[in-house]
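Enquirer: Return a 3D structure for these sequence lines:
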Amino acid sequence: MNSDILSQMIGEGVKNTNHASHLLADHAQRIAKEHGSLYRQRTTKWQEMAPAAFFGKVSPDAWTNYATDVLQRGILVLDTLRQRGNAFIEHEATGMPPLLSFAYQPVLDGRTLPRPVNYSLVVITPPAGVTIDPVRRPFMIVDPRAGHGAGIGGFKPESQVGDAFAHGHAVYFVIFRPWPEPGQTLADVRDAEKAFLDEIARRHPKAPKPVVIGNCQGGWGCMLLAASAPDKVGPIAINGAPLSYWAGVVGRNPMRYTAGLIGGVAPAMLMADLGDGVFDGSLLVQNFETLNPANTYWKKLYNLYANVDTEAERYLEFEHWWGGFFMMNEEEIRWIVENLFVGNRLSHGHAEFGDERIDLRNIQSPIIIFACHGDNITPPQQALNWIADLYRDVNEIKARGQRIVYLLHESIGHLGIFVSAKIAGREQDAITDTLRAIEALPPGLYEMELEQRPDRLHIKFAPRTVDDILCLDDGREDEEMFAAVAKLSELGAHAYQTLLRPLVRGLVNEESAKRFFQTRPMRVERVAFSDRNPMMAPVKAIAEQIRTARKTLAPDNPFLTLEHIVSEQIEQNWNLFRDWRDAIQEVAFHAIYGSPLMRMLGAQGLEMRDQTSADNLLSFPDVRHALANIEHGGEAAGVVRMLELLSQARGYVRRSRLERETELFSTEEPFHTIDETERARLIHEQSLIVQFAPDKAKASLPRLLNTAEQRSRALALVMRIAGPAETMHPKALALYREFEAMLAGASADAENRAAPGVTRRHAKRA
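Expert: The predicted model follows:
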């Protein structure tokens with residue numbers, strides 16, 4: 001090895017060691033600061049309360065009442081866990097149907113398709129009082145198959161299903177059974193969903209293409225569908241959906257390091273082999289639970305314990321869904337890990353189904369992305385960075401005619417995206433309510449901003465750039481490390497497949513796989529507290545007696561206050577454990593994969609993104625065609641162009657403006673005879689002209705609107721959509737006045753050319 005290269009590698013190694021040391025020191029400082037402050041606060045609370053409770057003048061009944069209450073609550077919690085275990089067993093025995101709070105009817109069973117799958121399409125029965133508009137887009141909702149069953153999108157009345165019904169849309173739901181069909185692949189699932197869309201289109205011949213909503217893992221599934229069948233899909237809304245798995249912020253998104261620390265795809269292959277070719281979804285759920293051990297091992301149970309008289313029903317409702325574990329074939333989980341979790345190939349445009357390459361840039365429908373900063377499973381960077389991976393800049397998004405809108409929430413967690421009534425009533429409802437407006441947007445990248453005012457919720461679409469997406473991240477220098485993980489994962493998979501798989505498969509049979517599934521911790525925990533456990537036999541009768549004579553404890557009982565303080569401290573101890581665990585894992589990942597050898601391996605394996613140069617954008621057929629027709633298109637093109645120029649001057653687009661545009665375009669000349677497809681093409685073409693030739697776009701308006709009647713009518717329609725004048729942005733109003741002057745002057749010039757003698761006589765008189 002060349003001595004210069006060796007010296008460089010040694011220097012890089014020292015640099016990486018220093019980086020890992022600084023990273024650990026930063027973590028230690030942050031943890032000490034955060035937890036030290038919390039410990040001091042709780043110690044102060046304890047010192048204030050404990051002496052009064054134990055040595056002060058407390059009512060003699062206070063301790064007796066508290067002790068009785070503790071015992072009663074404990075029995076009631078045991079009974080709730082018993083009910084959870086029984087519900088789990090019963091749910092498995094009945095085939096784990098989807099947990100929708102709405103009635104539904106089967107439409108198409110995936111088992112009847114040429115390539116059978118365990119997916120089916122159902123139609124949700126509208127509740128009483130709901131009227132479906134036959135010309136509105138139907139909705140197709142796809143839930144995640146990431147260990148759990150279907151139903152989270154319609155888990156309660158205030159949900160995605162409820163929002164769609166509130167706006168008069170027919171709703172279809174994609175459900176799935178616990179066990180995959182033999183030989184089923186994700187390509188088969190994607191093809192089944194194409195068949196579902198065909199059936200929905202057949203049932204709604206007067207409606208536009210369906211809206212497709214994907215939740216979490218269902219989100220990237222919907223993107224696969226839309227990329228391969230762009231002609232079948234309407235607007236796509238993906239919620240908490242990870243698409244760029246390498247993305248994240250140091251110190252805040254530890255889940256992305258998991259694959260590198262456990263060995264890539266090989267452990268998933270081993271788990272599937274132990275299941276006789278089937279991967280147990282409870283393992284994925286278990287991974288989710290370990291992310292937040294304080295909630296899993298204490299907070300969730302203590303919340304039930306502290307509020308058992310009112311909380312039990314809600315707890316059982318959620319656990320009914322959380323405890324339904326669904327399986328995958330080995331081919332499915334391996335594709336997911338290699339192309340998404342580890343390889344990040346979908347984000348880079350290199351994921352494949354056999355010989356078919358999947359390019360998300362093929363999607364033609366508007367894409368709406370909902371992500372949350374409080375989501376520790378799908379942070380905004382993982383929901384959005386694929387945009388930066390696939391598009392050079394926002395000009396390319398526009399050149400390709402794409403509309404991408406994202407909405408960010410500051411604090412809600414991952415599950416709150418789907419089950420929170422507040423989110424359903426605000427963010428999800430806003431997405432549903434603005435679909436028509438989004439379709440009227442010119443191509444580009446936008447952030448949907450919500451502002452609650454006294455009159456109503458105001459919604460605007462603020463143009464964004466790819467740099468705005470990247471600013472949510474803390475840099476992309478760490479991608480070489482994740483690329484190294486992907487390369488090592490490939491080597492590990494090959495080694496496992498060659499050396500260990502024959503041995504493991506030789507030891508596994510159908511019976512051993514069954515025992516393997518039964519002994520997974522998530523199942524054992526539930527069965528252990530069910531009626532199958534003889535020790536739980538007396539719990540039901542005792543709990544019924546307690547409920548009959550139950551008296552809740554007074555909220556000002558000092559011992560109850562101390563209990564809350566102790567609970568907070570236990571929760572903090574778990575959080576301290578989590579923070580140190582995550583810190584050590586992050587430092588270990590950086591120390592291992594940040595080494596010169598690993599970065600070299602990652603640099604060699606880092607797949608080049610398919611980026612389009614700025615010059616190439618001008619060669620796009622749509623761009624060339626638009627610029628060649630800059631003086632053609634007539635009145636309709638002139639109105640759309642002026643509206644696009646006004647939006648550019650304003651710096652954002654209001655939903656109310658888009659709604660007026662949609663309404664007037666369907667009734668006013670010269671638009672009412674233009675169908676939606678032609679209207680979308682017109683908006684795309686004019687947005688390209690404004691983007692790539694803004695000066696010519698404005699200067700050519702008099703030639704585009706070549707009669708005084710057209711100019712007057714176009715200006716009036718633009719003002720009806722963008723105005724009234726007193727509410728317009730100052731820059732937009734100034735530009736509109738410029739349009740008026742330009743077109744009025746052009747009309748005067750035309751009159752002068754038409755009657756030169758009259759003009760000269762008037763000039764002489766002047």
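Enquirer: I'd like to know how many residues surround the closest residue to R501 other than its chain neighbours.
Expert: Nearest residue to R501 in three dimensions, chain neighbours excluded: D273, at 6.3 Å (CB to CB, 6 or more residues apart in numbering). Any C-beta I mention is one placed from the backbone N, CA and C, and that applies to glycine too. Using other CB atoms under 10 Å, D273 has 23 other residues around it.
Enquirer: now S666
Expert: A count of nearby residues for S666, using other CB under 10 Å, gives 12.
Enquirer: got the contact list for it?
Expert: The neighbours of S666, taking CB atoms under 8 Å, 6 or more residues apart in numbering as the test, are H672.
Enquirer: For the residue nearest to R501, give me phi and psi.
Expert: As for D273, its main-chain torsions (degrees, to the nearest 10) stand at phi -70, psi -40.
Enquirer: Can you verify my assumption that it contacts D280?
Expert: No: the pair D273 / D280 is not scored as a contact, 11.7 Å apart, by CB atoms under 8 Å.
Enquirer: Phi and psi next, for V653.
Expert: Per-residue torsions, V653: phi -120, psi 130 (degrees, to the nearest 10).
Enquirer: ok, now how distant is L113 from L224?
Expert: Counting by CB to CB, to the nearest Å, the gap from L113 to L224 is 17 Å.
Enquirer: So between those two, which is more surrounded?
Expert: It is L224, of L113 and L224, that has more neighbours when counted by other CB under 10 Å, with 22 against 17.
Enquirer: name the element the more buried one belongs to?
Expert: Assigned by DSSP states H and E, L224 belongs to helix 217-228.
Enquirer: elements contacting that helix?
Expert: For helix 217-228, the elements it packs on are strand 139-142, helix 186-203, strand 211-215, strand 236-239, helix 345-348, judged by 3 or more CB pairs under 8 Å, 6 or more residues apart in numbering; DSSP states H and E.
Enquirer: Surely D276 is within a helix?
Expert: No: if the criterion is DSSP: H, G, I helix; E, B strand; the rest coil, then D276 is coil and not within a helix.
Enquirer: thinking it is in contact with E511, fair?
Expert: No: using CB under 8 Å as the test, D276 is too far from E511 to be in contact (9.2 Å).
Enquirer: more crowded one of the two?
Expert: Each of D276 and E511 has its neighbours counted (other CB under 10 Å); D276 has more, 17 against 9.
Enquirer: what sits against the residue nearest to that one when sequence neighbours are not counted?
Expert: Closest residue to D276 apart from its sequence neighbours, by CB to CB, 6+ apart: A513 at 3.7 Å. The contact partners of A513, by CB under 8 Å, 6+ apart, come to 274-276, 278.
Enquirer: what does G634 give?
Expert: 670, 704-705, 710.
Enquirer: Quick check: longest helix in the protein by residues?
Expert: Counting by DSSP state H, the longest helix found in the chain is helix 3-55.
Enquirer: For the stretch 651-766 of the chain, which segments are assigned as helices?
Expert: For the stretch 651-766 of the chain, applying DSSP state H, counting those that start in this stretch gives helices covering 655-665, 676-692, 694-699, 701-704, 708-722, 730-754, 756-765.
Enquirer: Out of the ones you listed, which gets nearest to A268?
Expert: Of all the helices of the stretch 651-766 of the chain, helix 676-692 sits nearest to A268, with 42.1 Å by CB to CB.
Enquirer: Can you give the distance from the closest one to the centre of its chain?
Expert: Here helix 676-692 is found 28 Å from its chain centre; the criterion is CA atoms, centre = their mean, to the nearest Å.
Enquirer: buried stuff in that helix?
Expert: Within helix 676-692, the residues that count as buried by 16 or more other CB atoms under 10 Å are 679-680, 682-692.
Enquirer: so where's the chain shaky on pLDDT?
Expert: The model of the chain has pLDDT under 70 over residues 1-9, 52-53, 55-57, 605-615, 746-766.
Enquirer: Longest strand in it, please.
Expert: If you go by DSSP state E, the chain has its longest strand at strand 444-452.
Enquirer: Show me what it packs onto, helices and strands only.
Expert: For strand 444-452, the elements it packs on are helix 394-399, strand 403-409, helix 429-433, strand 457-463, helix 466-470, judged by 3+ CB pairs under 8 Å, 6+ apart.
Enquirer: Just the C-alphas of whichever helix or strand comes after the third one, formatted as PDB.
Expert: Next helix or strand after helix 429-433 toward the C-terminus (DSSP H and E): helix 435-439. Taking Å, rounded to 0.1, in the frame of the first residue of the first chain, the C-alpha atoms of helix 435-439 are listed here in PDB:
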ATOM      1  CA  LEU A 435     -57.500  17.900  -2.900                       C
ATOM      2  CA  ARG A 436     -59.300  19.800  -5.600                       C
ATOM      3  CA  ALA A 437     -57.300  22.900  -4.800                       C
ATOM      4  CA  ILE A 438     -54.100  21.000  -5.000                       C
ATOM      5  CA  GLU A 439     -55.000  19.700  -8.400                       C
END
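Enquirer: and H632, what helix or strand is that in?
Expert: Under DSSP H and E, no helix or strand contains H632.
Enquirer: Need the nearest residue in space to it, chain neighbours excluded.
Expert: Leaving aside its chain neighbours, H632 sits nearest to L704 (7.5 Å; criterion: CB to CB, 6+ apart).
Enquirer: And for that neighbour, the neighbour number?
Expert: Other residues close to L704 by other CB under 10 Å number 25.
Enquirer: Also A146?
Expert: By the criterion of other CB under 10 Å, A146 has 19 neighbours.
Enquirer: Excluding residues flanking it in the chain, which one is nearest it?
Expert: Among residues not flanking A146 along the chain, Q217 sits closest, at 4.2 Å (CB to CB, 6+ apart).
Enquirer: residues contacting the one you found?
Expert: Going by CB under 8 Å, 6+ apart, Q217 touches 144-146, 241-242.
Enquirer: Identify the farthest-apart pair in the residues you listed.
Expert: Farthest pair in the contacts of Q217 (CB to CB) is R145 and P242. Separation: 14.1 Å.
Enquirer: Check what contacts the longest strand of the chain and list those residues.
Expert: With contact meaning CB under 8 Å, 6+ apart, strand 444-452 is reached by 368, 387, 394, 397-398, 403-408, 426-427, 430-431, 434, 457-466, 468-469, 652-653, 687.
Enquirer: Just the buried ones among the residues you listed, please.
Expert: Among the contacts of strand 444-452, those buried by neighbour count (16+ other CB under 10 Å) are 368, 387, 394, 397-398, 403-408, 427, 430-431, 434, 459-461, 463-464, 466, 468-469, 653, 687.
Enquirer: helix/strand/coil for T552?
Expert: Secondary structure assignment for T552 (three-state DSSP): coil.
Enquirer: Burial check on the closest residue to it other than its chain neighbours, number of neighbours?
Expert: Distances taken as CB to CB, 6+ apart place D309 nearest to T552, at 6.1 Å, with adjacent residues excluded. Counted with other CB under 10 Å, residues neighbouring D309 total 12.
Enquirer: repeat for the one 10 residues further on
Expert: Other residues within reach of E319 by the criterion other CB under 10 Å amount to 20.
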